[in-house]
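>>> kindly return the folded structure for what I paste below:
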Amino acid sequence: MDHNEFFTFETGQATDVGRKRTVNEDNFLSRPDCGLWVVSDGMGGHAAGDYASYTIVQELNSIGMSASPDDLQARFMERIHRANTAIYEHAQELQRGTIGATLVALLIHGEDYACIWSGDSRIYLLRDGKLVQQTRDHTELMMLLDSGAITEEEAQNWPRKNVITRAIGVTETPQCDVVSGKLALDDTFILCSDGLTEHLSDEDIAELAARHRPKDACEAMIELTLERGAKDNVTVVAMRCLPPPELEEEDDLMDDVLELDTSAGEAEA
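Residues are numbered from 1 along each chain as shown. Below you'll find the predicted structure:
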């Protein structure tokens, strides 16, 4: 497991083509050494959607080590711009309509984190037993809800609920949103494509993320999604913030001291 001076990062990831599709257009990237975790969900069909999501993770894989949170975000956006251009130009060459990919990314430098996204893939944060969605879906449905045009009840069965309003590669310049904050010990982040949230509720995700270590949690979420039909490709990455190695070593040392104290007390008795 990789770490920085504040945290150790335990990561798990899993992906599946699902029950209905023949090609997995999702891609993911876990680079805890650089403070980067990514899920990208392609759209446009074989040789298009999979190309888009693959291009994004390949560009981001070269992000390297950053000097500050701002530097990390700058490096990230530079690579997203390059990926966006490559995907946009690929679509012009193919002349098959819109090609693109949704994107969610978790960036960590020191004690700071940032969530960057475009589209309807999501990032959740499980902290102190409470799951909070960090991202806000870029969808037609969310725009209608925000404007008050439809109610929450109507949204449940809205026929165009999966129509997205942003994605990387569909416009000449990428459009992303960012939220940021400070990390805490035992924070667990879950990044996922909409193939997961189509079948799993927030309660499902929170329960599995709390019960399992990241790798096992991801596998359990995929398994439950498959059991419920998995209409789309499904991808999930989970990361938990543990104490850094030096704190773990100090805890072990204190345990040893306590054992010695107990043994000494028993000997005197």
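
>>> in stretch 130-144, what counts as buried?
Buried residues in stretch 130-144, counting neighbours by 16 or more other C-beta atoms under 10 Å, are found at 131, 134-135, 137-139, 141-142, 144. Quick note: C-beta positions are derived from backbone N, CA and C, even for glycine.

>>> in a markdown table: the residues you listed, plus distance to Gln58 and secondary structure.
Output for these, formatted as a markdown table (distance: C-beta to C-beta, whole Å; DSSP: H, G, I helix; E, B strand; the rest coil):
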| residue | distance to Gln58 | secondary structure |
| --- | --- | --- |
| Leu131 | 31 | strand |
| Gln134 | 25 | coil |
| Thr135 | 23 | coil |
| Asp137 | 25 | coil |
| His138 | 23 | coil |
| Thr139 | 26 | strand |
| Leu141 | 31 | helix |
| Met142 | 29 | helix |
| Leu144 | 35 | helix |
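
>>> where do the helices sit along the chain?
When assigned using DSSP state H, the helices of the chain occupy the ranges 49-60, 69-94, 140-147, 152-155, 194-197, 202-211, 214-227, 245-268.

>>> can I get those helices in CSV with distance to Gly42 and mean pLDDT?
Below are the helices of the chain laid out as CSV (distance: least, C-beta to C-beta, whole Å; pLDDT from 0 to 100):
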stretch, distance to Gly42, mean pLDDT
helix 49-60, 3, 97
helix 69-94, 9, 96
helix 140-147, 19, 81
helix 152-155, 25, 72
helix 194-197, 11, 97
helix 202-211, 22, 98
helix 214-227, 18, 98
helix 245-268, 37, 54
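
>>> for Ala14, find the nearest of the ones you listed.
Between Ala14 and these, the tightest spacing by C-beta to C-beta is seen for helix 214-227, at 4.0 Å.

>>> hmm, back to that, to Asp112, which of the helices of the chain lies closest?
Of all these, helix 69-94 sits nearest to Asp112, with 4.4 Å by C-beta to C-beta.

>>> the closest one packs against which elements?
With contacts defined as 3 or more C-beta pairs under 8 Å, 6 or more residues apart in numbering; DSSP states H and E, the packing partners of helix 69-94 are helix 49-60, strand 100-109, strand 112-118.

>>> about what we covered before: let me have the helices of the chain in JSON lines, adding distance to Thr173 as columns.
Conversion of the helices of the chain to JSON lines gives the following (distance: least, C-beta to C-beta, whole Å):
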{"stretch": "helix 49-60", "distance to Thr173": "15"}
{"stretch": "helix 69-94", "distance to Thr173": "7"}
{"stretch": "helix 140-147", "distance to Thr173": "20"}
{"stretch": "helix 152-155", "distance to Thr173": "30"}
{"stretch": "helix 194-197", "distance to Thr173": "23"}
{"stretch": "helix 202-211", "distance to Thr173": "32"}
{"stretch": "helix 214-227", "distance to Thr173": "33"}
{"stretch": "helix 245-268", "distance to Thr173": "42"}
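
>>> out of those, which is closest to Lys20?
Short answer: helix 194-197, nearest of the helices of the chain by C-beta to C-beta, at 9.9 Å.

>>> look up phi and psi at Thr171.
phi -130, psi 170 (degrees, to the nearest 10).

>>> count the neighbours of it for me.
13 (other C-beta atoms under 10 Å).

>>> surely it is in contact with Ile87?
No - with contact defined as C-beta atoms under 8 Å, Thr171 does not reach Ile87; the gap is 10.3 Å.

>>> to Ile205, which of the helices and strands packed on helix 69-94 lies closest?
Comparing the helices and strands packed on helix 69-94 by C-beta to C-beta, strand 100-109 comes nearest, at 13.9 Å.

>>> mind checking how far that closest one is from the chain centre?
7 Å (C-alpha atoms, centre = their mean, to the nearest Å).

>>> could you check the angle that strand makes with strand 112-118?
Interaxial angle, strand 100-109 versus strand 112-118 (axes from the mean of the first three to the mean of the last three C-alpha atoms, to 10 degrees): 170 degrees.

>>> out of the helices and strands packed on helix 69-94, nearest to Met221?
strand 100-109 (15.1 Å).
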